[in-house]
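**Q** need a structure here:
(one chain, ligands or ions: 2)
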Amino acid sequence: MRTQVAIVGGGPAGLMLGRLLELRGIESVVIERRDREYVQQRVRAGVLEQATMDLMDEVGLGARMHAEGLVHGGVELRFDGEGHRIALSDLTGGRAITIYGQQEVVKDLIEARVASDLPLYFEVSDVSVDPAAPSVRFTHEGVDHVLECDVIAGCDGFHGVCRPTIADVLTVYEREYPFGWLGILAECEPSSDELIYAHHERGFALASMRSPTVTRMYLQCEPDEDVANWSDQAIWNELDRRFGMSVNRGDVFEKGVTPMRSFVVEPMQHERLYLAGDAAHIVPPTGAKGLNTAMADVYLLAHGIDAFYGGDDSRLAAYSSRALERVWRVQHFSWWMTSMLHRFAGDDDFQLKLQQSQLRYTVSSAAQATALAENYVGMPFIAE
Ligand code: FAD
Ligand code: DHB
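**A** Ligands and ions are numbered 1, 2, ... in the order given. The predicted model follows:
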């Protein structure tokens, strides 16, 4: 088998890269370890930056997002029992975020790829990559394949095979946080029109949503928290405490714990293997940046690959350093939001006072509120 670009991983990064290449007339094959149902149901991120929304439009897949997504022009920071609105759109010249589940983005991308009749193999196994003589080996439906290509895109997430293959040439920058997030989805009207990020002495809480009838909530918890220890009643009671109000309650139909870590490898490339998305970096979810940064990577990568086929290799050569500029901005923002809003084990009162001061400054200074807003809605994706 031969193609131009072999894409390992059918998550948001791999599927969007495939779509961007399709629109440039570049061939690709996407291979994915899980089955279609699984990737379409996997509950993860929910916030699309303005640039991710624009990208969905650019690739002709924005219709359902516009029909079903919820556009927000602000978020609330809540501390000392009071809410303070950060007017995202007013502070950023009209930019906004949209609430649209990651799995909806994935569904739209898979549907488009299937409609275009382009190769997308689910449930592959025994995947290995050769970055030097670019090729990917995998097994599908009991048959072993060798896929030769010009470029390999490693979009296989944090637990994939691409990054470990080139581990010898990578420098790892990493920070683990001593807590996780317990997340729920519940059948009830959201308790607020906009997202609420709450600082509380018992720990952080976040109120989000997926639709006018589905609520998404998170609570800071132990990193290895067993969800079995949390009855629905206990979760709702804790949410009420941390938000300082009675939140709407409903049937909880999904519960999970997400560990929190910051992680970056440099460079994001070796020979003809280019890493994108969670394969190269992870952020704690507080800034809602994971999915959006994956999209920014593949936007840059698609332009680099396009230029490569036009005879100019310089953009692909610059891919890693260009991508890492945004990655580190996002790392800083996510670390800053995380540090400002969570309680860390062993924090003393001095630390608490610093957090409270930072929060007060953020909601009262136009400069600081604007800094939060422009990072939260995200910078435009630029490939030039
Ligand atoms: P992934 O979505 O991980 O996709 C990688 C794909 O590669 C997967 O489909 C995987 O099955 C496949 N794969 C892996 N190994 C192989 C292989 N060997 N061969 C072929 N395919 C392979 N971000 C936020 O902004 N907010 C959140 O609330 C949030 N919650 C999260 C909760 C969890 C549990 C996790 C894990 C992440 C969360 N994130 C969140 C981060 C966000 O979901 C990711 O940043 C985003 O999914 C990155 O997309 P990706 O395509 O790079 O990687
Ligand atoms: C959601 C997740 C986030 O990490 C975040 O910062 C905001 C919202 C969500 O899943 O809705």
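**Q** every contact and neighbour count from this point should use C-alpha atoms.
**A** Will do.
**Q** strand partners of the one helix or strand I152 maps to, parallel vs antiparallel please.
**A** Assigned by DSSP states H and E, I152 belongs to strand 151-154. Strand 151-154 has its sheet partners listed here by DSSP bridges as strand 5-8 (parallel), strand 273-275 (parallel).
**Q** quick check: mean pLDDT of it?
**A** Averaging pLDDT along strand 151-154 yields 98.
**Q** what's that strand in contact with?
**A** Applying C-alpha atoms under 8 Å, 6 or more residues apart in numbering, the contact partners of strand 151-154 are 4-9, 14, 129, 131, 134-136, 162-163, 272-276, 279.
**Q** in TSV: the strands paired with strand 151-154, plus distance to K255.
**A** Output for these, formatted as TSV (distance: least, C-alpha to C-alpha, whole Å):
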stretch	distance to K255
strand 5-8	29
strand 273-275	30
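**Q** all strands for the stretch 1-150 of the chain, in order.
**A** 5-8, 28-31, 47-48, 70-72, 75-79, 82-86, 97-99, 120-121, 125-130, 135-140, 143-148 (DSSP state E, counting those that start in this stretch).
**Q** go through those strands and pick out the most buried.
**A** strand 47-48 (a mean of 30; mean count of other C-alpha atoms under 10 Å).
**Q** what helices or strands is that one leaning on?
**A** strand 97-99 (3 or more C-alpha pairs under 8 Å, 6 or more residues apart in numbering; DSSP states H and E).
**Q** and the contacts of the strand it packs on?
**A** Outside strand 97-99, the residues that reach it (C-alpha under 8 Å, 6+ apart) are 46-50, 53, 69-73, 209-211, 377.
**Q** make a markdown table out of the strands of the stretch 1-150 of the chain and add distance to ligand 1 and mean pLDDT.
**A** Shown next, in a markdown table, are the strands of the stretch 1-150 of the chain (distance: least, C-alpha to the nearest ligand atom, whole Å; pLDDT from 0 to 100):
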| stretch | distance to ligand 1 | mean pLDDT |
| --- | --- | --- |
| strand 5-8 | 5 | 98 |
| strand 28-31 | 5 | 98 |
| strand 47-48 | 7 | 98 |
| strand 70-72 | 16 | 98 |
| strand 75-79 | 15 | 98 |
| strand 82-86 | 19 | 97 |
| strand 97-99 | 11 | 98 |
| strand 120-121 | 9 | 98 |
| strand 125-130 | 5 | 98 |
| strand 135-140 | 8 | 98 |
| strand 143-148 | 13 | 98 |
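**Q** name the SS class of R216, please.
**A** strand (DSSP: H, G, I helix; E, B strand; the rest coil).
**Q** near ligand 2, which residues of the stretch 151-300 of the chain show up?
**A** S208, M209, R216, P285, T286, G287, A288 (C-alpha under 6 Å from any ligand atom).
**Q** try 8 Å
**A** Contacts of the stretch 151-300 of the chain with ligand 2, taken as C-alpha under 8 Å from any ligand atom, map to 195, 206-210, 216-217, 284-289.
**Q** want to throw the strands of the stretch 1-150 of the chain into CSV with distance to G310?
**A** As requested, the strands of the stretch 1-150 of the chain are exported to CSV (distance: least, C-alpha to C-alpha, whole Å):
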stretch, distance to G310
strand 5-8, 15
strand 28-31, 17
strand 47-48, 31
strand 70-72, 38
strand 75-79, 43
strand 82-86, 44
strand 97-99, 34
strand 120-121, 25
strand 125-130, 24
strand 135-140, 21
strand 143-148, 20
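**Q** let me have the ones you listed in a markdown table, adding distance to ligand 2 as columns.
**A** Formatted as a markdown table, the strands of the stretch 1-150 of the chain follow (distance: least, C-alpha to the nearest ligand atom, whole Å):
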| stretch | distance to ligand 2 |
| --- | --- |
| strand 5-8 | 25 |
| strand 28-31 | 26 |
| strand 47-48 | 5 |
| strand 70-72 | 11 |
| strand 75-79 | 10 |
| strand 82-86 | 14 |
| strand 97-99 | 7 |
| strand 120-121 | 27 |
| strand 125-130 | 30 |
| strand 135-140 | 33 |
| strand 143-148 | 36 |
